[in-house]
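Chemist: predicted model and sequence follow; I will ask about them next.
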Amino acid sequence: MQVTNLEAGNADAASDEVGGDELNPAATDVVYWDDNLSGFGVKVTPKGRKVFIVMYRTRDGFSRLRKYTIGPYGHTTLAIARTMAQKILAARLDGQDPAGEKRKLRHRAVRDRLEEVVADYRLRRLRTIRSASETIRILDKEVLSRWKGRSIHEITRQDVLKLVDEIVDRGAPAMACRVFNVVHALFNWAIGRGILEKVPVRWPVQTFAGREFSG
């Protein structure tokens, strides 16, 4: 295990010595651990890429070993990386698992693609509604045409307002109102199914075609 002092003057030099050890590529990944902050280090890949990381064990009774990737050298300075590492390790002391939470968010974003959620919504909810054909048409034409491929967790208030504004701008305020209500209903259903824990946006009061409504 390589342990060294990651001084700013050395770590910020692309391949200078760090605490007496050179940050040069090897046949396999090499991690240089900081002797001032336990668990914080720089991983150097065989191609010479340098990445700041933090290693720790969870405090949930299982003592799971976790690795949190802070970011690549260049985009992230040593000072910023060290500050982030301190925050990650402090969260760990509070019983949190930053690396585990980051992994869950990444997996969730891949799993809950909007088109997959809509397909399930059609199967489990819309097939029981007589007027479902119009809702399906709106979802296909107005919603999926813009947001297909994105995770439902990524959709923000700004995305919703942009969608509605585009429909209003093309001279269809009444349709904008219907689309807003369809999207709102979809998100509420996703909460009921446990896909979302909460609506990711605070649905604002809006006025279209002289009609006021809210989520």
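Modeler: Ah, there it is. Residues are numbered from 1 along each chain as shown.

Chemist: and stretch 104-122, what's buried?
Modeler: Asp112, Arg113, Leu114, Glu115, Val117, Val118, Tyr121 (16 or more other CB atoms under 10 Å). In short, each C-beta sits where N, CA and C put it, glycine included.

Chemist: how about those in a markdown table, adding pLDDT?
Modeler: Output for the buried residues of stretch 104-122, formatted as a markdown table (pLDDT from 0 to 100):
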| residue | pLDDT |
| --- | --- |
| Asp112 | 86 |
| Arg113 | 90 |
| Leu114 | 93 |
| Glu115 | 95 |
| Val117 | 94 |
| Val118 | 96 |
| Tyr121 | 96 |
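
Chemist: tell me which of those residues fall in helices.
Modeler: Judged by DSSP state H, the buried residues of stretch 104-122 include Leu114, Glu115, Val117, Val118, Tyr121 as members of helices.

Chemist: show the contacting residues for the third one.
Modeler: Meaning Val117. Shown in contact with Val117 (CB atoms under 8 Å, 6 or more residues apart in numbering): Ile152, Leu186, Ala190, Ile195.

Chemist: tell me which two in those are the farthest apart.
Modeler: Leu186 and Ile195 (10.1 Å; CB to CB).

Chemist: quick one on the thing from earlier: redo the buried residues of stretch 104-122 as CSV? Include distance to Leu78.
Modeler: Listed next are those as CSV, based on distance: CB to CB, whole Å:
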residue, distance to Leu78
Asp112, 36
Arg113, 37
Leu114, 39
Glu115, 42
Val117, 41
Val118, 45
Tyr121, 47
